[in-house]
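**Q** output the structure for:
(chains A and B)
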There are 2 protein chains.
Amino acid sequence: MASSTARALYEQHKPHLEAGLAACASRAYWSPFVESPSGKLHAPGRAEEGLARFQALLGKPYDLGQPGETGRIGHEVSPYTGQPLGIDYPDCDPDVLFAAARRAMKDWQALDAEERAGVCFEMAFALEEQAFANAHATMHTAGQAYLMAFSGSGANALDRGVEALVYACKALRDVPASAGWSKSFGRGGVVSLDKSYRTRGRGVAVVVCCATFPLWNAYPAVFANLMTGNPVILKPHPNGILPVAMAVKRMRETLVKAGLDPDMVLMAADEREAPVTIALLEHPDCAIIDYTGSQRFGLWIEQNCRDRLVYTETAGCNGVVMESLADPDGMIGGLANGFCGFSAQMCTSPQNVHIPADGVGLPGGGSMSFEAFGQALADTIAARTADPARAAALCGAVQAQQSLDILADIRSRVLAAGGRVVLESRAYVHPDFPDARTATPLVVEVDASQTELFGEELFAPVCFLIREPDRDAALAHAAELARTRGAISSYLYSSDRDFIGQAQDAFTDAGASLWINMDQRMPINFAAAYSDYHVTGLNPAGNACLADLAFVAQRFRIVQFREPRPAEAAQ
Amino acid sequence: MASSTARALYEQHKPHLEAGLAACASRAYWSPFVESPSGKLHAPGRAEEGLARFQALLGKPYDLGQPGETGRIGHEVSPYTGQPLGIDYPDCDPDVLFAAARRAMKDWQALDAEERAGVCFEMAFALEEQAFANAHATMHTAGQAYLMAFSGSGANALDRGVEALVYACKALRDVPASAGWSKSFGRGGVVSLDKSYRTRGRGVAVVVCCATFPLWNAYPAVFANLMTGNPVILKPHPNGILPVAMAVKRMRETLVKAGLDPDMVLMAADEREAPVTIALLEHPDCAIIDYTGSQRFGLWIEQNCRDRLVYTETAGCNGVVMESLADPDGMIGGLANGFCGFSAQMCTSPQNVHIPADGVGLPGGGSMSFEAFGQALADTIAARTADPARAAALCGAVQAQQSLDILADIRSRVLAAGGRVVLESRAYVHPDFPDARTATPLVVEVDASQTELFGEELFAPVCFLIREPDRDAALAHAAELARTRGAISSYLYSSDRDFIGQAQDAFTDAGASLWINMDQRMPINFAAAYSDYHVTGLNPAGNACLADLAFVAQRFRIVQFREPRPAEAAQ
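**A** Sure thing, here's the model as predicted:
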């Protein structure tokens, strides 16, 4: 029965799978999801209903129907209100969770790739159905602005899940179910063998989610694992449980509706004071780890969980190489948006602007001095954040107090080191949530030699204007930091095709991708599923790309059978 | 120039690439190489010329034109003559080798996947050209019989190299060179980006070869690495240098002819008394390890070289589950061949026959007692090895004295444990090489409880007849040993479709492939490139399959660039 339901879901979603396969090949734009919360695109009342759904969850126990519950857990605080959400979640015995996952895996592996794809697509659309409620849950845990929470943690994140689903499907389809093989063995004559092949998952995957984008890398990991036959235990950040719990609940419901064991998807929540992550990662039944979070813990996992398959996306100090500006307003505007967007709490946010001391080229042959460029960028940032409503839409809230501490600390360290503050960070007053934790970008000027100030990701809205001897030094420094400290998105502004070519070679050698001349017509750090290969896996900002064939191909293996046909049939 | 030569080679070999892609999809038989040394298939005199080429190498220095030579090295002894080959090889400074490889990598990565495939196919056919000389070199280092050395270390091994080449090509072709992408960003309008993608190798690969099949796993590793952009340093076994040196020389010549840097392929030889393997594996520039050899060292690598990509094929104690025999003569004959073939020095050779105490079913409903089956198998083995010429063709020579020591040791341990010797091993007298180190299979009877006797691979021709309570116990025991101790090829003999189904499920759970009812029409342990997935990577006999997408997809990464088209063009 489960299999026939899954088969029907595959038939239903087959056009999406085929469109996804085509998109990953052409890398052109495609999405089956509605990205905008605009009233024109949704049935009347959907936005209000989503808000009501979210509000109905507050202050109550949240149930997932999971096995092994030993107590209740969870103390999330909203960055917008400063108040606890008052929701508690099941605290489950890891041994029971792993055992349940392994039981569920057995039946799930009987489904073929297409049947699994059918169920996973059904999950994705079921998740989209709660996009409005999820947007509020994401706002009040991660601190994202409403629009970003709707699209970036909704449709855009689901697209990345479908992208991984599609890659897994490609890899699984590469293995046929059966084959006939005939070969002459000299005097033995022609021997014919019937062969059959089974794909087999590696085991239980633990997906560690981060605080500011609880589902962004979770969906790719979940769908990559489910598609390849592996059950998933999601470990949310202690302050980002609700969006994960809502997603887990919805995926478990989809499994039940399909007649399948819901324990293919489980959640193991914890609290900051009693973390469970390492116990999950070191559990003997943990076969796969998908991790999003700090570089330090990512490195610990890479070094200490050597018996598991480990996929990490951590962080880098994303650099910007300034050479010349073909469109000064549009490009400085694009950069300013990049520094403001979600208060730079994104893995793709820029941090370090490497600027030649003799200035930045302008159209027509003129140039803008180092100071003038820095001031223009700072002024643009100040203008973007002057109106509280605009600041709120662009910056959202700051997820953790720690980011404000980082701002204060780096400000004083820059001043102590002889640097200069070009633009102070300030808390803007959010029009809807006066108690929101907010911060506009801090812009500081430093010298290229002061790598100790900017040579790692500072998880806060800070923009370093770095005085470099010349453009070649700016390029070399940015590429070197990408190679040695990590980078997820790097940026170049130049009108000189030769210099662009040199930069492409330098960033290739550094193992980092480069976005060139991105202007304000779109968010410069937007990462498009099916088109942009997110994270190279070649520098310290992560060991994997989400998604490519390498992200999925190791998650399953092949077991084979063969048997000769009787000699009569072979002749 | 290099690129145009490589492009021409691609055009020349394109039909082979397309045929290889088709074979890996259908998994039907295909080979572009001549498998048999039969005079009918080769120009007159080729066999004699090959022998002369080999003989001309004996007693002389062997030159590879490699950088960093600090001395000469190598003391190989022929298992057929007991005499040293008298050949010495360059002893090269690892630092110089790694630096040369990294230099070569830079230009090589400018070639696209098709150009690399052209060069690799050219290498493969250049290697085939020396198949006769290689057969003698393989005989006198590994101990293989002439026919096996020609096919198994020639065409069959090259097929496996091409199989890896084809998988790498698939994975690389999955990444387009460029793409156009357009998306509406609300009030920003439609933004169009030009995107381009570069694949990039991970770094220098060290390929550790084994003593008895010096090139069998080396070719897949070499071609997987070259295709994905990575230079290769081959590390031969101290007694298996010559075949590897000949292959390295030929591949370097092919690179030079194509106008490319030959240092994409290098050799680092050593001697037993001064091993260099660990220094190579721990070199800071070693990015990838492909290892074939003992389980113990394989495990050491998996645990200690965590910063590298590690692919291992080690060893397992391959089991045979006996339930019933539809064709007793043909199947016992097939098994006997499996125990005799190359004196069981193959990773696919059977070792442990799990037999129900109440015997083995026969056609028509009768059965053969445990003792009668064991005697029949022993008698067949004895008959196969009675005639020295037939024994020579089937068993070849024993590569290492250690295997004879293992035979003596296990014989006494079996007797001490109350077991029984059913057939003694003996040294047959090779008709052409009277001093050859030889051994026919030892057949012993033990109890299922005595796992300490047979629970690991014994690298010697030994057949354990294991008395199991019943067929279910036989199946469970064999599957459990595959799961916990490793297995590369497992075997089942049964006419009961229900029992076969149970066995398939049990071996799937054990992560081991199963060959069913293989008879003497072909070698039961033959592994067909393009068709059989060699090694599952799911049990201790290795962590990778050679070859599938997972074997190649991690060996390269993707770096990306993107740049907006001007607004005018986008509207």
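**Q** ok and the residue in the stretch 251-400 of chain A nearest chain B?
**A** residue A:306 (4.3 Å; CB to the nearest CB). Using the backbone N, CA and C atoms, a C-beta is placed for each residue, glycine as well.
**Q** mind listing the helices for the stretch 151-300 of chain A?
**A** Applying DSSP state H, counting those that start in this stretch to the stretch 151-300 of chain A gives helices spanning A:156-173, A:218-227, A:241-257, A:277-281, A:295-304.
**Q** can you list the ones you listed in TSV and add distance to residue A:16 and mean pLDDT?
**A** Shown next, in TSV, are those (distance: least, CB to CB, whole Å; pLDDT from 0 to 100):
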stretch	distance to residue A:16	mean pLDDT
helix A:156-173	7	98
helix A:218-227	13	98
helix A:241-257	15	98
helix A:277-281	32	96
helix A:295-304	32	89
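**Q** now for those helices, which one comes closest to residue B:373?
**A** Closest approach to residue B:373 among the helices of the stretch 151-300 of chain A is made by helix A:156-173 (40.6 Å; CB to CB).
**Q** the closest one packs against which elements?
**A** The contact analysis (3 or more CB pairs under 8 Å, 6 or more residues apart in numbering or on different chains; DSSP states H and E) places helix A:156-173 against helix A:2-26, helix A:113-129, helix A:218-227, helix A:549-553, helix B:549-553.
**Q** and the helix or strand following the last one, what's buried?
**A** Spelled out, that is helix B:549-553. Next helix or strand after helix B:549-553 toward the C-terminus (DSSP states H and E): strand B:556-564. For strand B:556-564, burial by neighbour count (16 or more other CB atoms under 10 Å in any protein chain shown) applies to B:556-562, B:564.
**Q** check those residues and tell me the two furthest apart.
**A** Maximum distance among the buried residues of strand B:556-564 (CB to CB): 27.6 Å, for B:556 and B:564.
**Q** gap between the two ends of stretch A:447-457?
**A** End-to-end distance of stretch A:447-457 (CA to CA, to the nearest Å): 17 Å.
**Q** distance of the spatially most central residue of chain A from residue A:171?
**A** Computing the C-alpha centroid of chain A and ranking residues by CA atoms, centre = their mean puts residue A:217 first, at 3.3 Å. Using CB to CB, to the nearest Å, one gets 19 Å for the distance from residue A:217 to residue A:171.
**Q** ok, residue A:319 next?
**A** Distance from residue A:319 to residue A:171, counting by CB to CB: 33 Å.
**Q** quick one: which of the two has more around it?
**A** Neighbours per residue, other CB atoms under 10 Å in any protein chain shown: of residue A:319 and residue A:171, the larger number sits with residue A:319, 31 against 28.
**Q** my read is that residue A:95 contacts residue A:68, right?
**A** Yes. Counting by CB atoms under 8 Å, residue A:95 touches residue A:68, with 7.4 Å between them.
**Q** which one's more surrounded, these two?
**A** Just comparing residue A:95 and residue A:68: by other CB under 10 Å the higher neighbour count belongs to residue A:68, 18 against 13.
**Q** how about the secondary structure of the residue lying closest to the more buried one once chain neighbours are set aside?
**A** Of all residues not flanking residue A:68 in the chain, residue A:96 sits nearest, at 2.7 Å (CB to CB, 6 or more residues apart in numbering or on different chains). Under the three-state scheme (DSSP: H, G, I helix; E, B strand; the rest coil), residue A:96 adopts helix.
**Q** residue A:449 now?
**A** Assigned with three-state DSSP, residue A:449 falls in the coil class.
**Q** and it, its phi and psi?
**A** phi -70, psi -10 (degrees, to the nearest 10).
**Q** what about it, distance to residue A:374?
**A** Distance from residue A:449 to residue A:374, by CB to CB: 17 Å.
**Q** which one's more surrounded, the two?
**A** More neighbours surround residue A:374 than the other of residue A:449 and residue A:374, with 25 against 13 (other CB under 10 Å).
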